[in-house]
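> I'd like to go over a predicted model; first the sequence, then the structure.
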Amino acid sequence: MERKLTGKCHGSRLFARVEDKEKTRRLFKRFDICGITPTCTVTFEKEPWYHYCYSNVLNAESRMLTFYIELKVKRKIEAAIDGKLNPGDRGLLQINDCCIAIVNLSKHYKGLVFTVAEKKIKDYRIKIHPTAQFKLLRVAKYGNLADNLVEDYVRGESVPELESKYPISKETIGKILREKSIHIRSISEQRVIKHHGRLPSIKDVLSEEKLKIIFAILGDNIGNVESKGYGIGVIGDLYFTEAFADAFENEYNIRPVVRKDKTVEAFKARLKNKNIFNDLRKYAQLGAHTWKLLDNTSECIEKMDCAELGRAVSYYWEAEGCVQIDNKTIEATSVNHRGLLQIQKVMNILQIKTSITGPNYAASSNGLYTIRVSGRDNIKAFNEKVSFVSQRKKNDVEKLLSSYKRFVKIHTFEEYENAFNLKKKGFTVKETATTLGISASTLKAWFYEDVKPRVPT
């Protein structure tokens with residue numbers, strides 16, 4: 001009984017049975033870019049040399065069948081492809097009229113050889129001692145393969161894509177890239193190339209845009225901050241998520257995808273990238289409960305222009321803060337007390353007074369702390385130096401400030417006389433205020449402080 005192929009074993013992508021039309025088509029396609037079709041039919045027969053060989057791929061010793069390409073056969077092939085045959089070149093061979101395989105030509109003191117591993121003997125239907133029949137279908141020159149796959153890789157194609165595009169294994173592709181001093185991209189980097197067409201531009205400096213990103217994710221990071229997911233992102237209204245994506249693009253030259261999350265009726269801006277994640281961790285410790293700015297970041301903030309710092313910290317307030325118009329406060333809450341103390345320090349640099357209260361265990365079992373901006377002067381300073389990112393929250397701050405304004409109503413002498421007439425009739429100040437619609441403080445000023453209505457101009 002023949003061994004069943006899973007398609008996952010080593011070398012399975014280099015082999016196909018003749019009856020498997022789809023798989024044989026894929027093998028031929030891997031020679032489309034760099035393949036040479038012989039101008040005439042080249043066939044030869046060889047009896048294998050059976051020996052042991054250590055496999056770096058399998059990390060074990062295995063028995064191999066080695067086939068020597070005699071000089072006369074080599075010359076016949078070179079004449080058919082109008083070129084020289086060299087070690088490293090790939091050949092597409094039909095074996096015993098039953099299967100097709102991609103073989104790697106290796107150098108030998110007798111000329112060129114190719115080998116077949118013991119585990120593939122049954123697949124190729126080759127027996128150890130009898131002669132096997134070969135027919136050359138295509139040849140790919142190693143030099144052309146290397147040059148083309150390097151160009152494709154630099155343009156953004158992945159190693160698996162190159163493996164399916166060229167008649168060469170992923171191990172050899174990695175070897176070629178290392179020989180050419182090409183940086184081999186991680187899975188995260190390859191994903192960024194696929195979605196954005198380029199790798200991020202990472203600068204080793206704390207800019208305003210990078211600080212905006214840091215403050216935003218300290219307030220509302222939806223990435224896998226405590227795992228190896230390397231996720232970075234925020235959730236909020238469309239204006240905030242787009243502003244976050246703008247800052248991200250300005251800093252790293254790639255833009256997170258903004259999508260609507262129907263489960264919470266909000267928008268998410270998110271991407272995964274190990275290099276960007278590690279860059280941000282140079283300036284801040286990320287985490288749901290233990291986030292903080294690192295010492296080098298705090299030192300940079302103290303030297304930063306106040307206008308830039310105000311625009312940056314607004315991303316924290318946008319992510320975590322809310323405007324309480326009835327209480328006349330702007331608040332942000334967190335279980336991280338030490339983190340809020342750092343936000344308070346930033347606000348002190350901007351000369352905006354804040355207070356921190358807590359822990360409130362009724363609101364959270366971990367203890368919830370709240371940082372507040374209160375008082376008309378502080379809220380006005382907040383509005384001028386920090387504010388919010390979204391227009392919706394900016395409007396809420398304007399409403400809060402408007403609630404502090406006192407409107408002075410100008411009363412007529414007729415109202416003044418009516419108030420005294422009711423007083424003579426025994427009406428109390430409260431009853432007079434209710435009857436005439438005049439405030440009690442105004443009536444007391446008329447009655448007891450000899451204040452009279454202002455004469456309209």
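Noted; the coordinates are in hand.

> For the rest of this, base every contact and every neighbour count on C-alpha atoms.
OK.

> Now do the strands in the stretch 1-150 of the chain.
Assigned by DSSP state E, counting those that start in this stretch, the strands in the stretch 1-150 of the chain fall at 15-17, 35-36, 42-46, 49-55, 60-69, 90-95, 99-104, 106-108, 111-117, 132-140.

> Can you convert those strands into CSV and add a column each for mean neighbour count, distance to residue 191 and mean pLDDT?
Converted to CSV, these look like this (neighbours: other Cα atoms under 10 Å; distance: least, Cα to Cα, whole Å; pLDDT from 0 to 100):
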stretch, mean neighbour count, distance to residue 191, mean pLDDT
strand 15-17, 21, 29, 85
strand 35-36, 20, 29, 93
strand 42-46, 15, 43, 90
strand 49-55, 13, 31, 62
strand 60-69, 17, 33, 73
strand 90-95, 23, 30, 92
strand 99-104, 22, 29, 89
strand 106-108, 14, 35, 84
strand 111-117, 18, 35, 80
strand 132-140, 20, 30, 92
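
> got CSV for those, with distance to residue 23 too?
Output for these, formatted as CSV (distance: least, Cα to Cα, whole Å):
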stretch, distance to residue 23
strand 15-17, 6
strand 35-36, 17
strand 42-46, 22
strand 49-55, 26
strand 60-69, 24
strand 90-95, 13
strand 99-104, 10
strand 106-108, 25
strand 111-117, 19
strand 132-140, 15
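
> Cross-check the contact I'm expecting between residue 140 and residue 87.
No: using Cα atoms under 8 Å, residue 140 makes no contact with residue 87, being 11.2 Å away.

> Identify the bridge partners of the nearest residue to residue 257 once chain neighbours are set aside.
Excluding the flanking residues, the one nearest residue 257 by Cα to Cα, 6 or more residues apart in numbering is residue 269, at 5.5 Å. For residue 269, the beta-bridge partners are residue 234, residue 258 (DSSP bridges).

> Can you give me every residue that contacts residue 269?
233, 234, 235, 241, 242, 244, 245, 256, 257, 258, 259 (Cα atoms under 8 Å, 6 or more residues apart in numbering).

> please redo it, this time with the cut-off set to 6 Å
By Cα atoms under 6 Å, 6 or more residues apart in numbering, residue 269 lies in contact with 233, 234, 241, 256, 257, 258.

> quick one: which of the residues you listed has the most company?
residue 241 (27 neighbours; other Cα atoms under 10 Å).

> For that residue, which three-state class applies?
helix (DSSP: H, G, I helix; E, B strand; the rest coil).

> Ok, residue 182 next?
coil.

> How many residues are close by it?
Going by other Cα under 10 Å, the residues that sit close to residue 182 add up to 13.

> Relative to residue 295, how far out is it?
35 Å (Cα to Cα, to the nearest Å).

> Check residue 135 too.
Distance from residue 135 to residue 295, by Cα to Cα: 69 Å.

> before we move on, what about residue 144?
In this view, residue 144 and residue 295 are 52 Å apart by Cα to Cα.

> Which parts of the stretch 301-450 of the chain are strands?
According to DSSP E, counting those that start in this stretch, the strands that the stretch 301-450 of the chain contains are 321-324, 329-334, 355-360, 368-374.

> Mean pLDDT lowest where, among these?
Mean pLDDT is lowest for strand 355-360 out of the strands of the stretch 301-450 of the chain, coming in at a mean of 89.

> buried set for that strand?
Using 16 or more other Cα atoms under 10 Å as the test for burial, strand 355-360 gives 356, 359.

> That strand pairs with which strands?
strand 368-374 (antiparallel).

> ok, and what's touching the partner strand?
329-335, 354-360.

> switch to 8 Å and redo it
So strand 368-374 is contacted by 328-337, 340, 344, 352-361, 379, 382 (Cα under 8 Å, 6+ apart).

> Just the buried residues of it, please?
Applying 16+ other Cα under 10 Å to strand 368-374 flags 368, 369, 370, 371, 372, 373, 374 as buried.

> Rebuild those as JSON lines, extending it with distance to residue 404.
Formatted as JSON lines, the buried residues of strand 368-374 follow (distance: Cα to Cα, whole Å):
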{"residue": "368", "distance to residue 404": "29"}
{"residue": "369", "distance to residue 404": "27"}
{"residue": "370", "distance to residue 404": "23"}
{"residue": "371", "distance to residue 404": "21"}
{"residue": "372", "distance to residue 404": "17"}
{"residue": "373", "distance to residue 404": "15"}
{"residue": "374", "distance to residue 404": "12"}
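
> Could you let me know which of the residues you listed ends up closest to residue 164?
For the buried residues of strand 368-374, the residue nearest residue 164 by Cα to Cα is residue 368; the value is 54.5 Å.

> Bridge partners for that closest one, pull those for me.
Judged by DSSP bridges, the bridge partners of residue 368 are residue 360.

> distance of it from residue 73?
From residue 368 across to residue 73, the span is 81 Å (Cα to Cα).

> What of residue 390?
Computed as Cα to Cα, the residue 390 to residue 73 distance reads 75 Å.

> more crowded one of the two?
Neighbour comparison, residue 390 and residue 73: the larger count goes to residue 390, with 19 against 15 (by other Cα under 10 Å).

> Hmm, that one is touching residue 239, no?
Yes: with contacts counted by Cα under 8 Å, residue 390 reaches residue 239, the gap being 5.6 Å.

> which residues sit in contact with the spatially closest residue to residue 165 that is not a sequence neighbour?
Of all residues not flanking residue 165 in the chain, residue 30 sits nearest, at 4.9 Å (Cα to Cα, 6+ apart). Residue 30 is in contact with 164, 165, 166, 167, counting by Cα under 8 Å, 6+ apart.

> Most neighbours of all those residues, which one?
residue 167 (32 neighbours).

> so that one, which of the three states?
Secondary structure for residue 167, judged by three-state DSSP, is coil.

> Next, give phi and psi for the nearest residue to it once chain neighbours are set aside.
Closest residue to residue 167 apart from its sequence neighbours, by Cα to Cα, 6+ apart: residue 30 at 5.2 Å. Note on residue 30: backbone dihedrals following degrees, to the nearest 10 are phi -70, psi -10.

> Please report how far residue 30 lies from residue 241.
Using Cα to Cα, residue 30 is found at 43 Å from residue 241.

> again with residue 176
42 Å.

> Contacts only, for the nearest residue to residue 95 once chain neighbours are set aside.
Nearest non-adjacent residue to residue 95, counting by Cα to Cα, 6+ apart: residue 134, 4.8 Å away. When contacts are counted by Cα under 8 Å, 6+ apart, residue 134 touches 43, 44, 45, 93, 94, 95, 96.
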